[in-house]
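Peer 1: Got a sequence here, can you model it:
(chains A and B)
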Amino acid sequence: MDTFYHKLNDYLAHGESVAVATITEVRGSVPREVGAKMIIHPLGQHYGTVGGGCGEADVIRAALDVLQSGEPATVQIDLTEDPTMQSLGVCGGIFNVFVERWEADRK
Amino acid sequence: MPDTILHALISSVEARRPVALATVTAAPDLACIGRHAVVWLDAEPLGALGLGELEAQALAGAQDVLRGRVHKTLSYATPAGQIKLFVEVQHRPPELLIVGAGHVAQPLAQLGKLCDFTVVVLDDRPQFANRQRFPQADEVLALPLRETLRDWAAAGRLGLDSYIVLVTRGHQHDIDCLLEVLDTPLGYIGMIGSQRRVRTVFDLLSVEAGIPPEKFDRVYAPIGIAIGARSPAEIAVCIMAEIINVLRGGPARSISDERREVAQQRRSRHVTRNP
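Peer 2: The predicted structure follows:
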């Protein structure tokens, strides 16, 4: 079987601590659903997506901090900017992403 | 601790046992944030959330979410501040069961895998049901069609996460297979065939075999969503689109909606005439 948790287990079993980001709450129109998950790897070998684009970039930055500190964090992604050619997040909604560190298996 | 949690999740998913992961995402006591518990419907939870008096209520709430099968954030107001618990339901992956290993089945098996279904292909002809033709499928079975479906229905192998597509080499086989699972609760049952052919067959089965016509209402036949599909690959896309529409509760209309609506109208007229 090849679920998200199998994938996570692969990272941990290879001795790599990673951050897991999960969309926990959404309001309005957002790129992915509650429960969408992503693994953030310290060297960029990420897996999955929480919606891509600038929102996901924010999540990745926060996840790198979480990987350092070990302190879980909630990142709020606001995509309610007015739609112009320059604006970044215009889907119309807001979503919360919970980010936590999962520790590598100790050998 | 996390790895015990992770292994419990993985072994439950592999055993196709309903399980959920509860994670504290907000709490006045920061030490609680990130704590996990694994909950089942038929066993004591694993792990502790550290929520004190609220612990039992939160774990019971997590079980309710598991019963409802949809991920959810639970919020609790306490004098010290808000507690939030994210409950993630570990679905066993939906299973796409393709009956008939012909031209449409091949691209459909690929699409099913792309969309994270467990894909099983069944045909009674080993020269069609084989690994060479279906390298991505999780299982390729060369077994008798009717008997296998009958056994699976009887053994509880089929359920609300089973998505069955009947695309055998002949309509008679499709119908035979359909009748084997007509009373089994399923996530989806679709059968290929033209509007005219499907209508005729369902009418005949109601009249001659005495099958209540409303039993055919949940059958997606003609199969798929109207996108003008022609080639086998295009037809596979129109079938997969319908399956996703059913899985996600999407708004698209199925080709079979017209047949279903006509049949329902016909029945309601019939009822008013014979009260």
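Peer 1: So which residues on chain A come close to chain B?
Peer 2: For chain A, the residues in contact with chain B (Cβ under 8 Å from any Cβ of the partner chain) are A:1, A:3, A:5-6, A:8-9, A:12, A:22, A:24-25, A:34-35, A:71-72, A:74, A:96, A:98, A:100, A:102-103, A:105. Where you see a C-beta, it was placed from the backbone N, CA and C, and this is true even at glycine.
Peer 1: please redo it, this time with the cut-off set to 6 Å
Peer 2: Chain A comes close to chain B at residues A:1, A:3, A:5, A:9, A:24-25, A:34-35, A:72, A:98, A:100, A:102, A:105, as judged by Cβ under 6 Å from any Cβ of the partner chain.
Peer 1: Quick check: the farthest pair among those?
Peer 2: Largest separation among those by Cβ to Cβ: A:25 and A:105, giving 30.7 Å.
Peer 1: So for those two, which sits in the more crowded spot?
Peer 2: Per other Cβ atoms under 10 Å in any protein chain shown, whichever of residue A:25 and residue A:105 has more neighbours is residue A:25, with 19 against 16.
Peer 1: quick one, what contacts the more buried one?
Peer 2: By Cβ atoms under 6 Å, 6 or more residues apart in numbering or on different chains, the contact list for residue A:25 reads A:96, B:73.
Peer 1: Doesn't it belong to a strand?
Peer 2: Yes: when classified by DSSP: H, G, I helix; E, B strand; the rest coil, residue A:25 is found to be part of a strand.
Peer 1: Selection in ChimeraX covering whichever of the residues of chain A next to chain B are buried, please.
Peer 2: Those of the residues of chain A next to chain B that count as buried under 16 or more other Cβ atoms under 10 Å in any protein chain shown are selected in ChimeraX with:
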select /A:3,5,9,24,25,34,35,72,98,100,102,105
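Peer 1: Out of the residues of chain A next to chain B, which is nearest to residue B:175?
Peer 2: Closest approach between the residues of chain A next to chain B and residue B:175, by Cβ to Cβ: residue A:1, at 33.5 Å.
Peer 1: Nearest spatial neighbour of the closest one, chain-adjacent residues omitted?
Peer 2: Closest residue to residue A:1 apart from its sequence neighbours, by Cβ to Cβ, 6 or more residues apart in numbering or on different chains: residue B:14 at 5.7 Å.
Peer 1: neighbours around that neighbour, how many?
Peer 2: Look at residue B:14: counted by other Cβ under 10 Å, it has 13 neighbours.
Peer 1: One more: residue A:33?
Peer 2: Residue A:33: 13 neighbours (other Cβ under 10 Å).
Peer 1: Which pLDDT value belongs to it?
Peer 2: What the model reports as pLDDT for residue A:33 is 90.
Peer 1: what do you get for the one 10 residues further on?
Peer 2: For residue A:43, the model assigns a pLDDT of 94.
Peer 1: my read is it is in a strand, agree?
Peer 2: No: judged by three-state DSSP, residue A:43 forms no part of a strand; its state is coil.
Peer 1: which stretches of the chain form helices?
Peer 2: Defaulting to chain A. Assigned by DSSP state H, the helices in chain A fall at A:4-13, A:53-69.
Peer 1: sorry, should have said chain B
Peer 2: B:2-14, B:55-68, B:105-114, B:145-154, B:171-181, B:195-208, B:232-248, B:257-273.
Peer 1: With only the CA atoms kept, save the first one in CSV.
Peer 2: So the one you mean is helix B:2-14. Provided in CSV are the C-alpha atoms of helix B:2-14 (Å, rounded to 0.1, in the frame of the first residue of the first chain):
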residue,chain,number,x,y,z
PRO,B,2,5.1,9.2,17.3
ASP,B,3,6.4,6.1,15.6
THR,B,4,4.0,3.9,17.7
ILE,B,5,1.2,6.3,16.5
LEU,B,6,2.4,6.0,12.9
HIS,B,7,2.7,2.2,13.0
ALA,B,8,-0.8,1.9,14.5
LEU,B,9,-2.2,4.1,11.7
ILE,B,10,-0.4,2.1,9.0
SER,B,11,-1.3,-1.3,10.3
SER,B,12,-5.0,-0.2,10.7
VAL,B,13,-5.1,1.1,7.2
GLU,B,14,-3.5,-2.0,5.8
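Peer 1: Show me what stretch A:38-48 is in contact with.
Peer 2: Defining contact as Cβ under 6 Å, 6+ apart, one finds that stretch A:38-48 is touched by A:7, A:18-21, A:37, A:49-50, A:60, A:63, A:67.
Peer 1: Looking at those residues, which two lie furthest apart in space?
Peer 2: So, the contacts of stretch A:38-48 by Cβ to Cβ: farthest apart are A:49 and A:67, at 18.1 Å.
Peer 1: higher neighbour count, those two?
Peer 2: A count of neighbours by other Cβ under 10 Å puts residue A:67 above the other of residue A:49 and residue A:67, at 18 against 15.
Peer 1: Do you know the pLDDT at that one?
Peer 2: pLDDT, residue A:67: 96.
Peer 1: Kindly state the beta-bridge partners for the residue of the stretch 101-250 of chain B found nearest chain A.
Peer 2: Among the residues of the stretch 101-250 of chain B, residue B:118 lies closest to chain A, at 8.0 Å counting by Cβ to the nearest Cβ. Beta bridges link residue B:118 to residue B:95 when assigned by DSSP bridges.
Peer 1: follow-up on the earlier one: the helices of chain A: which one's closest to residue B:239?
Peer 2: Nearest to residue B:239 among those is helix A:4-13 (25.9 Å), distances taken as Cβ to Cβ.
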